[in-house]
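# need a structure here:
(chains A and B)
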Protein chains: 2
Amino acid sequence: MSRAFNFSAGPAAVPDAVLREAQAELLEWHGERASVMELSHRGAAFEAMAAESEQDLRDLLAIPDNYRVLFLQGGATQHFAQIPMNLAAQDQTADYIVTGAWGQKAVAEAAPYVRVHTAASSEAGGFRSIPPRTQWQLTDGAAYVHYTPNETIHGVEFFEIPDVGDAPLVADVSSMFLSRPLDVSRFGLLYGGAQKNVGASGLVIVIVRDDLLARQPRPMAKILNYRAHAEQHSLLNTPPTFAWYLAGRVFKWLKAQGGLAAIEEINRQKAALLYSAIDSSGGFYSNPVQRDCRSRMNVPFTLHDSSLDAPFLAESSAAGLLALKGHKMVGGMRASLYNAMPLDGVRALVAFMHDFARRHG
Amino acid sequence: MSRAFNFSAGPAAVPDAVLREAQAELLEWHGERASVMELSHRGAAFEAMAAESEQDLRDLLAIPDNYRVLFLQGGATQHFAQIPMNLAAQDQTADYIVTGAWGQKAVAEAAPYVRVHTAASSEAGGFRSIPPRTQWQLTDGAAYVHYTPNETIHGVEFFEIPDVGDAPLVADVSSMFLSRPLDVSRFGLLYGGAQKNVGASGLVIVIVRDDLLARQPRPMAKILNYRAHAEQHSLLNTPPTFAWYLAGRVFKWLKAQGGLAAIEEINRQKAALLYSAIDSSGGFYSNPVQRDCRSRMNVPFTLHDSSLDAPFLAESSAAGLLALKGHKMVGGMRASLYNAMPLDGVRALVAFMHDFARRHG
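Numbering: from 1, shown residues only, chains lettered A, B, ... in the order given. Coordinates of the predicted model:
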C-alpha cells in the first residue's frame, strides 16, 4: 500500500511532510511527555504554539495590524449564520453575490438573521460565470457585501477583489485560502474552513477588521460573538487543539515552499496543465466555466459520454488517482488541486486522461 | 523522553493504545491510501466508520431507539446556547440547577434565548454540595430542566439522576460521559465535549430524544438546528472527521475494557484511593466537597500551606505526574481521573503525595 494522489474537494490532502511530522510526534510533542491533543489549551506550550501559528499566518498573508485572526469551530456553514448575527441588525440589509452552490447556502443560512438581498447571481446561466460588476445591484447602506471567491462545486473563481464601495466586503475563502496572495486590507471579514488548504476539518479561520467587532447588533451568546472570541484570543472555550496544531504545521510548510507567491505559481501551472488537457481533448472532456473565471483549485469536468464515468473512476483509482468523482449537483468529475497536490499529481492525472481518451475515444 | 501520567482536566489524556493505533494509520487508513482526515465525509469509508462508531456508542450506553446520536462541533459551550434555541421559545422558562462554574456558564449562554430560572444553586456554600432535591423550585411547564452531572472545576458529581417530573431533563455530561453506565431513558437530551473521555477537542456528542426534535420554537439557521443535523446523520456540513474517528477508536477501546460497568469499577477504585490519601493526610491535603457528591473524575485539593504549591507542581512534574495545577477559580491542585488514567497513575500520584507530605510536613 502507498499514498495516492488525492484529488478530494475536502476534507482534502494534507502535505505529506506535515502528516509525517504529526505522526512522529503524535504521542509526545515538544518535550511535553504527552500528545499535543492531550494538553490544556491554557497551558504555556499550547499558547506558544497558538501565538506562533497566528504570527506565521500573519506573515504569509501580510495581515494588517488592525485585523484580528480567530481560530474557531463550526465550519464555514456555521459562519454563514454567525456573520449576520455579528455584523447586522435583524432589519438591516446585507447584499449577497451568488456564483454557485456555496453562495446559495450562505444566503439560506443568513436569512433568519438579516434581510438578505441577492445583488447579483449567475444562477440563470448555470453558475458558469461571474456577473459583471456593472450589473450588481448593491444596496445603499448595506451592512456588508458577501461573496464566494471560489465556488468549490461549480469551479468558478474571482481573480480580482470586487470594489463594493463603503460596505465591508465579506468573503468565504474556504477553497482558495492560502492558494495565492490576497490583499486582506480590501476586506471587512474573511473566513474559511481548514479542510481544504489548512489541514483538518473542524477548524475555521476568521480574519476580521477591528472596527467591525464594535458592531454588537443583537443580544447573543458569547460563544457566537466574534468580539468575545477576539478578546480571549480564540481561547474563550476549548478550541479544536489538534486541528489548530496541524494548521500551524501547514503554515510552516507553506513558508518553506516560499510563501504564497511561490505556491501561486505552482497552482497556476497545475491548473493550466489540467485545463489544457481538457480543452485539447477534442470534446472528450469538457469544462463549462467561462475561461476568465475558471477555478484553479477545483476543476469540474465531464466526459462526452456519461457511461464512461464508472470506468473512468475505477481505472483512475487503480492508477493511484483518488476522489475524482464530481459533486452530485453537477455530475461528472472534479479534480481539486489544493496546495498539497504536487505538480506531479496533475501530470499523472493528465497522462491518465489522455490514455483513457485514447482507449475509449 | 517518555509519556507521563497526565492528570489534565481537558483536553485530557487519550488511551495510549488509541494514540498508537492512530499513529500507525495516520498516513494510510483502512486501505484508503490516504489519512482518515483526508477523506470526504460523504465517501463510503468514512460513512461506514461513522455508522460503526454510533453503533458502538449505542451499545456502550444502551441508548434506546427513540434517541438520536449527533456528532457536532462547538464544544459544550456552544450547546449552552443551542439547547434553548432548539428546545424553548424566547418567552418560555427553562429551569437550571447550578452546582458549579459550568452550570453558571450554561445559564449565562442560555439567557439570550430563553427565560432562565435558577431553580437551585449551591453557590452560597461555595459549590461544595448538591442542593437537596426537596428544595429545588422547579417551574410548572418549564421547557426543560438543565443540570451538570459533574462539575469539572468544583469537583461535584451527581450519582443519582434527579426526578424532575414531566419536563425533559437536559444534562451537560462533558466530564463524566462514559465513566459509568447511565440510564439514557431518564433524559431528554445529553451532551458533552469529547476532550475528556472521548478523545480530541472539537467534537461534541448530543443524544436527544426524538420527540424533542419536533420542537421548532424559532426561526434559525439549519446549522444550529438539531433536527436538521439528525436528518442528515450529522453530515449536514463537514464534521470534524479526525476527532470523530478518534472517538470511534475510544469506543472500541472501552468495549475491550469490558464496557462501562467495568470502567466504572476502575474509576471507583481510582477515586477512592486518591480521596483516601487526601483524607488521611492529617490536614496536609484537603478537599472541600461534601463526601456524598465528590467527583470521581475531577479531584480538586489544596495543600495546607499554599507556599508549597509551586514545589508540589515542580516535583510532581519531575516525577512524571503532569498537569496537576488546579483551576484558578479554586486554586490548589486538581487531579482528573478520566478513563484513560490507569490505576497505576493514581497509585503513583498517591505515593508522590505521601512522600511530599513527609518531606514538607
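
# so where do the strands sit in the stretch 151-300 of chain A?
For the stretch 151-300 of chain A, the strands defined by DSSP state E, counting those that start in this stretch cover A:156-157, A:169-172, A:189-193, A:204-209, A:285-286, A:298-303.

# do you know how far the residue nearest to A:Gln73 when sequence neighbours are not counted is from B:Phe46?
Taking C-beta to C-beta, 6 or more residues apart in numbering or on different chains, and ignoring the residues beside it in sequence, A:Gln73 has B:Gln73 as its nearest neighbour in space, at 4.5 Å. Just so you know, the C-beta spots here come from the backbone N, C-alpha and C atoms, and that holds for glycine as well. Computed as C-beta to C-beta, to the nearest Å, the B:Gln73 to B:Phe46 distance reads 16 Å.

# more neighbours, those two?
Using other C-beta atoms under 10 Å in any protein chain shown as the criterion, B:Gln73 and B:Phe46 rank with B:Gln73 on top: 27 against 23.

# give the contact list for that one.
A:73-75, A:78, A:202, A:240, B:202-204, B:239-240 (C-beta atoms under 8 Å, 6 or more residues apart in numbering or on different chains).

# Show me the shaky parts of chain A.
Applying pLDDT under 70 to chain A picks out residues A:1.

# okay, now the domains of it?
Domain segmentation of chain A under automatic domain parsing yields A:17-256, A:258-360.

# Save those as CSV, and put in distance to B:Asn225 too.
Below are the domains of chain A laid out as CSV (distance: least, C-beta to C-beta, whole Å):
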stretch, distance to B:Asn225
domain A:17-256, 10
domain A:258-360, 22
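
# Among those domains, which comes closest to B:Arg20?
B:Arg20 sits nearest to domain A:17-256 of all the domains of chain A, at 7.0 Å, using C-beta to C-beta.

# Close to chain B: what parts of the stretch 51-200 of chain A are there?
Contact residues, the stretch 51-200 of chain A versus chain B (C-beta under 8 Å from any C-beta of the partner chain): A:73-78, A:80-81, A:108-110, A:112-113, A:193, A:195, A:199-200.

# And the contacts of the longest helix along chain A?
Identified as the longest helix of chain A according to DSSP state H is helix A:259-279. With C-beta under 8 Å, 6+ apart as the test, helix A:259-279 has contacts from A:60-61, A:178-182, A:254, A:257, A:285-287, A:294-297, A:299, A:301, A:335, A:337, A:339, A:341, A:343, A:346-347, A:349-350, A:353-354.

# let's go with 7 Å and repeat that
Contacts to helix A:259-279, defined as C-beta atoms under 7 Å, 6 or more residues apart in numbering or on different chains, come from residues A:60, A:178-181, A:254, A:257, A:285-287, A:294, A:296, A:299, A:301, A:335, A:337, A:339, A:341, A:343, A:346-347, A:349-350, A:353-354.

# Please enumerate the helices of the stretch 251-361 of chain A.
Per DSSP state H, counting those that start in this stretch, the stretch 251-361 of chain A carries helices over the ranges A:259-279, A:309-318, A:343-360.

# Tabulate these (TSV), appending distance to A:Met220 and mean neighbour count.
TSV is the format used below for the helices of the stretch 251-361 of chain A (distance: least, C-beta to C-beta, whole Å; neighbours: other C-beta atoms under 10 Å in any protein chain shown):
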stretch	distance to A:Met220	mean neighbour count
helix A:259-279	34	17
helix A:309-318	45	15
helix A:343-360	44	17
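
# mind giving me TSV with these and columns for distance to A:His30?
TSV is the format used below for the helices of the stretch 251-361 of chain A (distance: least, C-beta to C-beta, whole Å):
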stretch	distance to A:His30
helix A:259-279	25
helix A:309-318	38
helix A:343-360	31
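
# Mean neighbour count added to the strands of the stretch 151-300 of chain A, as JSON lines?
Listed next are the strands of the stretch 151-300 of chain A as JSON lines, based on neighbours: other C-beta atoms under 10 Å in any protein chain shown:
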{"stretch": "strand A:156-157", "mean neighbour count": "26"}
{"stretch": "strand A:169-172", "mean neighbour count": "25"}
{"stretch": "strand A:189-193", "mean neighbour count": "26"}
{"stretch": "strand A:204-209", "mean neighbour count": "24"}
{"stretch": "strand A:285-286", "mean neighbour count": "18"}
{"stretch": "strand A:298-303", "mean neighbour count": "25"}
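
# I'd say A:Leu70 and A:Glu231 touch.
No - using C-beta atoms under 7 Å, A:Leu70 makes no contact with A:Glu231, being 10.6 Å away.

# Those two - which one has more neighbours?
Per other C-beta under 10 Å, whichever of A:Leu70 and A:Glu231 has more neighbours is A:Leu70, with 21 against 14.

# Tell me what the more buried one is bridged to.
Beta bridges link A:Leu70 to A:Val206 when assigned by DSSP bridges.

# Can you tell me how far it is from B:Val198?
A:Leu70 is 25 Å from B:Val198, where distance means C-beta to C-beta.

# one step back: inside helices: which ones of the residues of the stretch 51-200 of chain A next to chain B?
In helices, defined here by DSSP H, the members of those are A:75-78, A:80-81, A:108-110.

# May I see the residues you listed organised as a markdown table, with neighbour count added?
As requested, those are exported to a markdown table (neighbours: other C-beta under 10 Å):
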| residue | neighbour count |
| --- | --- |
| A:Gly75 | 25 |
| A:Ala76 | 28 |
| A:Thr77 | 25 |
| A:Gln78 | 24 |
| A:Phe80 | 27 |
| A:Ala81 | 24 |
| A:Ala108 | 16 |
| A:Glu109 | 25 |
| A:Ala110 | 24 |
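
# Let's see stretch A:242-261 as CSV, backbone CA atoms only.
Extracted C-alpha coordinates of stretch A:242-261, given in CSV (Å, rounded to 0.1, in the frame of the first residue of the first chain):
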residue,chain,number,x,y,z
PHE,A,242,-5.2,19.2,17.2
ALA,A,243,-6.6,20.9,14.1
TRP,A,244,-5.1,24.2,15.2
TYR,A,245,-1.7,22.5,15.7
LEU,A,246,-1.9,20.9,12.2
ALA,A,247,-2.8,24.4,10.7
GLY,A,248,0.3,25.7,12.4
ARG,A,249,2.4,22.9,10.7
VAL,A,250,0.8,23.7,7.4
PHE,A,251,1.7,27.4,7.7
LYS,A,252,5.4,26.4,8.4
TRP,A,253,5.3,24.1,5.4
LEU,A,254,3.9,27.0,3.2
LYS,A,255,6.7,29.3,4.4
ALA,A,256,9.2,26.6,3.5
GLN,A,257,7.7,26.4,0.0
GLY,A,258,8.5,30.1,-0.4
GLY,A,259,5.2,31.5,0.7
LEU,A,260,2.0,32.4,-1.2
ALA,A,261,3.6,33.9,-4.3
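
# Next, the contact list for the residue lying closest to A:Val184 once chain neighbours are set aside, please.
Nearest non-adjacent residue to A:Val184, counting by C-beta to C-beta, 6+ apart: A:Ile63, 5.1 Å away. By C-beta under 7 Å, 6+ apart, A:Ile63 lies in contact with A:69, A:184, A:207.

# Which of those residues sits closest to A:Asn86?
A:Ile207 (13.6 Å).

# Pretty sure A:Asn66 is one of the things that closest one touches, is it not?
No - contact criterion C-beta under 7 Å: A:Ile207 and A:Asn66 do not qualify, at 11.0 Å.
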